[in-house]
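*Asks:* sharing a model prediction with you, sequence too.
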Amino acid sequence: MRGFPLLNLILCALVSAAVLFPMVHRATVAVPRAAAAVTEAPAPAADDGLRARVVLNFVHAPRSIAIKNGAAVLHSWKPETAVSRVEETMSLPVAEGHTEITVQIQWPAGTPRTVAEMIVEPDGLPARTVNVWSGEGGEADEVVSFTWKGGAS
């Protein structure tokens with residue numbers, strides 16, 4: 001048995017409107033208070049520095065690690081035991097949402113070419129990740145750059 005086509009069309013339109021109206025109303029008019037209170041903190045000026053958690057994950061345990069800004073050492077590690085992860089909270093020099101730092105890592109002699117994963121998690125900004133590869137001599141001396149303009153990941 002088939003129903004009256006015009007009646008079926010009217011019923012479908014009413015059901016669709018009943019479902020769509022609350023969704024459109026919520027998306028355009030009703031703003032939740034929790035979302036309205038959230039504001040993005042601006043990146044500090046170059047003089048201030050940006051507090052960030054820096055994590056380094058290793059495939060092979062390093063002998064020494066240093067993070068520098070130019071000639072200034074921001075932080076260094078000399079692990080006494082074999083470690084596969086180090087982390088520290090430090091102040092990174094950030095100017096206009098951008099920073100460049102030097103990562104120096106030395107691995108023990110005989111270590112094959114390897115990689116270290118560096119994760120930088122600044123306060124109020126998305127985390128950034130970069131890989132630092134070792135050279136032939138078991139050392140890495142690489143300038144890495146991070147950008148937070150526009151908040152894009």
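*Replies:* Yep, it's here.
*Asks:* residue ranges with poor pLDDT in the protein?
*Replies:* 1, 30-48, 150-153 (pLDDT under 70).
*Asks:* helices along that one, start to end?
*Replies:* With helices called from DSSP state H, the chain shows them at 5-28, 33-37.
*Asks:* out of those, nearest to residue 50?
*Replies:* Between residue 50 and those, the tightest spacing by C-beta to C-beta is seen for helix 33-37, at 23.1 Å. The C-beta positions use only the backbone N, C-alpha and C, and glycine is treated the same way.
*Asks:* okay, the helices of the chain in a markdown table with distance to residue 117 and mean neighbour count next?
*Replies:* Below are those laid out as a markdown table (distance: least, C-beta to C-beta, whole Å; neighbours: other C-beta atoms under 10 Å):
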| stretch | distance to residue 117 | mean neighbour count |
| --- | --- | --- |
| helix 5-28 | 39 | 10 |
| helix 33-37 | 33 | 7 |
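*Asks:* in TSV, list those helices along with distance to residue 121.
*Replies:* Formatted as TSV, the helices of the chain follow (distance: least, C-beta to C-beta, whole Å):
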stretch	distance to residue 121
helix 5-28	32
helix 33-37	23
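*Asks:* much appreciated, bye for now.
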